[in-house]
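In: would you be able to build a 3D model of this:
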Amino acid sequence: MALAAPSTFPIRDQDECTETEIDDAVAACGPLSIDIDWFSALRGLTSSNLCGVQLCLNSRWTEQCSEPAPGRHTVYLSIGTRNSDEAARDWLQGTGLRFGESQLGW
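Out: The predicted structure follows:
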């Protein structure tokens, strides 16, 4: 069985790049997008299974992953898989935050 060619390459052979090397890489490749997520029990929900927060910078969430979206910065909340629709709705309203349309994923 043939091995696939590598598809990820470091900018240099060391762990740390200089600021100039990072600037050059961004200029050559385009804007960076960052997708950070962390699982956390959201205060007040009865179940914390798959609850958490996801931060997308220069990206947006699709049903299964984040995609680059330059200039778009969004925070997503996952209210988990074991909270009833009523408990989730009450919790969301109780936060006082403004939310967009719900979506599948994460």
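
In: any idea how far apart the tips of stretch 23-34 sit?
Out: 16 Å (C-alpha to C-alpha, to the nearest Å).

In: any idea of the mean pLDDT for it?
Out: Average pLDDT, stretch 23-34: 84.

In: can you tell me the SS state at residue 32?
Out: coil (DSSP: H, G, I helix; E, B strand; the rest coil).

In: now it: closest residue in space, sequence neighbours ignored.
Out: Counting by C-beta to C-beta, 6 or more residues apart in numbering, residue 32 lies nearest to residue 26, which is 5.9 Å off, once chain neighbours are set aside. In short, each C-beta sits where N, CA and C put it, glycine included.

In: roughly how far does the one you found sit from residue 38?
Out: Noted for residue 26: a distance of 25 Å to residue 38, by C-beta to C-beta, to the nearest Å.

In: what's the helix or strand for the residue nearest the centre of the chain?
Out: By C-alpha atoms, centre = their mean, the mean C-alpha position of the chain lies nearest to residue 35, the distance being 3.6 Å. When elements are assigned from DSSP states H and E, residue 35 belongs to strand 34-39.

In: which strands or helices does that strand pack on?
Out: Other elements packing on strand 34-39 under the criterion 3 or more C-beta pairs under 8 Å, 6 or more residues apart in numbering; DSSP states H and E are strand 51-61.
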